[in-house]
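S.K.: fold the stuff below for me.
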Amino acid sequence: QVKWFGLFERGLALSPVASLELLYSLGLPAVSYSLLDPTTDLNLTIQAARCGTGEGYVMYFTNTRTGEVVLAKNKTAVYIVKRMTREMLRSFGYALYDRLPKRIIETAAYHQLSTTAAVRLCGSMFGLMEWMMAAK
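M.R.: From the prediction side, this is the model:
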């Protein structure tokens, strides 16, 4: 399902909270949001976002002095690995069955995956590869 995540004027994000509240009031499908205290550890927030099962999250950073809003996309590890699998499948075809586990192991630390999570993810990607090859 496609959802609104903000309103923009000339390529600049308007107030995220005001935009989302307006979208809610109009009955339009919009993403949910939560406000973080400025003292929140940003690294922990980014790590938590990477653990999701969807595509990822959009984080808004608002300069409280100027009101300027900057957006930052944070993709989940699952989404990144799915995209990587798709691109590798295009390049390597069936040879990917040998290459994919090695690539997931190489990137496990970056994606903050435990060994168990890396094994489960690899199994899921094999299922995705089979579906993609059958869907051709």
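
S.K.: what helix or strand is the residue lying farthest from the centre of the chain on?
M.R.: In the chain, the greatest distance from the average C-alpha position (C-alpha atoms, centre = their mean) is reached by residue 65, at 29.0 Å. Using DSSP states H and E, residue 65 sits within no helix or strand.

S.K.: need the contact list for it.
M.R.: With contact set as C-beta atoms under 8 Å, 6 or more residues apart in numbering, residue 65 has no partners. C-beta: built from backbone N, CA, C; applies to glycine.

S.K.: now the helix or strand hosting residue 87, how far from the centre of its chain.
M.R.: Assigned by DSSP H and E, residue 87 falls within helix 77-92. With C-alpha atoms, centre = their mean, to the nearest Å as the basis, helix 77-92 stands 14 Å off its chain's centre.

S.K.: by contact count, what packs against it?
M.R.: Packing partners of helix 77-92 (3 or more C-beta pairs under 8 Å, 6 or more residues apart in numbering; DSSP states H and E): helix 96-107, helix 115-134.

S.K.: mind putting these into TSV with mean pLDDT and distance to residue 33?
M.R.: Below are the helices and strands packed on helix 77-92 laid out as TSV (pLDDT from 0 to 100; distance: least, C-beta to C-beta, whole Å):
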stretch	mean pLDDT	distance to residue 33
helix 96-107	86	29
helix 115-134	87	27
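
S.K.: residue 86: which of these is closest?
M.R.: Residue 86 lies closest, by C-beta to C-beta, to one member of those: helix 115-134, at 6.9 Å.
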